[in-house]
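> Got a predicted structure plus its sequence, pasted below:
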Amino acid sequence: MKLADIPELRDSSAAAKLELVEELWAAITATSDSLPLPARHVRALDQSLADYQANPLEGSLWTEARARILSRRPLI
């Protein structure tokens, strides 16, 4: 199924499309015991763990990182 095959969706607003994505994701996660993890995600997680184990004192606390992210986010 493609977006082009469903005119109502193709012509919907971005907000309506995001709402549909949320509903679809909720339906997928409610019926799936586990979703496959792509190999590239496994590699990225393994690299992050290796980086942390090599330098556990580097990086930022979550509270600091979150504040930094939120300060860069445009206000809507």
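Okay, I see it.
> Which secondary structure state does residue 48 sit in?
helix (DSSP: H, G, I helix; E, B strand; the rest coil).
> burial measure for it, as a count.
Residues lying near residue 48 (other CB atoms under 10 Å) number 11. Glycine gets a C-beta too; all of them are placed from N, C-alpha and C.
> Check residue 17 too.
13.
> chain center to the helix or strand containing it: distance?
Element membership for residue 17 (DSSP states H and E) is helix 14-31. The chain centre lies 13 Å from the centre of helix 14-31; the measure is CA atoms, centre = their mean, to the nearest Å.
> mind showing which ranges of the protein have poor pLDDT?
The chain contains residues with pLDDT under 70 at 75-76.
> picking that back up, contacts for the helix holding residue 17?
Contacts with helix 14-31, where a contact means CB atoms under 8 Å, 6 or more residues apart in numbering, come from 9, 12, 35.
> Go through it and flag the buried ones.
The neighbour-count criterion (16 or more other CB atoms under 10 Å) identifies no buried residues in helix 14-31.
> now do stretch 26-45
Buried positions in stretch 26-45, judged by neighbour count with 16+ other CB under 10 Å: none.
> what separates it from the chain centre, distance-wise?
11 Å.
> And that stretch, end to end?
End-to-end distance of stretch 26-45 (CA to CA, to the nearest Å): 24 Å.
> next one: stretch 9-20
Stretch 9-20: ends 9 Å apart by CA to CA.
> for stretch 57-67, same thing?
Taking CA to CA, the first and last residues of stretch 57-67 lie 19 Å apart.
> Kindly provide the distance from residue 42 to residue 54.
Per CB to CB, to the nearest Å, residue 42 is found 19 Å from residue 54.
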